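Asker: sequence and predicted structure below; questions after.
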Amino acid sequence: MSDETKKSPEYKRVLLKVSGEALMGNGPSGVDPEMVDMVAADIAAVAATGVQVCLVVGGGNIFRGLAAAAKGMDRAQGDYAGMLATVINALMLQNALERNGVETRVMTAIQMASIAEPYIRRRAVRHMEKGRVVIFAAGTGNPFFTTDTAAALRANEMECDALLKGTQVDGVYSADPRRNPDAERYAQLTYMDVLSRDLNVMDAAAISLARENHLPIIVFNMHAPGAFGAVMRGEGRFTRIIEAG
Ligand code: UDP
């Protein structure tokens, strides 16, 4: 039995990182409502099993500070715009989750009290204990960071059992599988493997934060219906990043 098909540990609380790209479907940018609905249905099914779920949403489908800086925009200003893009995605996901009967709260790292709650750690924990899906938006609230780092940060703060990263590919490969047919997919890696081989999973700050706090990371393809639920049951294809041994 390979590592990925072994029964997964019982997860009580998890953080799912939904990248902006995961919401744009097959389009070049923006949001695909069908994709958002599919992701929401997947999350609803997992929440219905009693697992406490929180989300960090990205914004790369709408705006990335780094890309804007490459075209001459001030980096910090661009990053603030990027953080606002994550709030747009969070509101769309919240709406789709509520249509699926899930009670939700959006909490933002940048205060915008008319549309979302400010991020307060203990309040977020309480929401989850009450069965609400908490959506963390606006990243860390700081420029020069990414939503991957925000995901590792919030997962640690919420004492999650795992950080699940939903992407467009079914795990971590030795090279981009969309360009290189010989790319090898890993079932399991250590944090150090990812850092020392510079594997394209999450930025180094996110991996280091996970490593310091022994937070397992699971990378899987969000584009298949039911993929989140399958990974929670230890089924399907994914890469698990943990400590050695
Ligand atoms: N961002 C930031 N600080 C954070 C999180 C995000 O400045 O803590 C900005 C940054 O410009 C980034 C953008 O928000 O490019 C969108 O987030 P990200 O690229 O992580 O989204 P994803 O790749 O997951 O769609």
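Answerer: Cool, the structure landed. Please read these numbers as outputs of a predicted model, since none were measured by experiment.
Asker: where do the strands sit along the protein?
Answerer: Listed in chain order, the strands of the chain (DSSP state E) span 13-18, 52-57, 104-108, 117-118, 133-137, 162-167, 172-173, 185-186, 188-190, 217-221, 238-242.
Asker: can you give me the angle the second one makes with strand 133-137?
Answerer: Spelled out, it's strand 52-57. Using axes from the mean of the first three to the mean of the last three C-alpha atoms, to 10 degrees, the inter-axis angle of strand 52-57 relative to strand 133-137 is 20 degrees.
Asker: with only the CA atoms kept, save strand 52-57 in PDB.
Answerer: Extracted C-alpha coordinates of strand 52-57, given in PDB (Å, rounded to 0.1, in the frame of the first residue of the first chain):
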ATOM      1  CA  GLN A  52     -13.800  21.900  11.600                       C
ATOM      2  CA  VAL A  53     -12.800  23.700   8.400                       C
ATOM      3  CA  CYS A  54     -11.200  27.100   7.900                       C
ATOM      4  CA  LEU A  55     -10.000  28.600   4.600                       C
ATOM      5  CA  VAL A  56      -7.400  31.000   3.400                       C
ATOM      6  CA  VAL A  57      -8.200  32.300   0.000                       C
END
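Asker: and the nearest residue to Arg240 once chain neighbours are set aside, how far is that from Ala68?
Answerer: Leaving aside its chain neighbours, Arg240 sits nearest to Gln188 (4.9 Å; criterion: C-beta to C-beta, 6 or more residues apart in numbering). The way it works is simple: take the backbone N, C-alpha and C, and place the C-beta from them, glycine included. According to C-beta to C-beta, to the nearest Å, Gln188 stands 36 Å off from Ala68.
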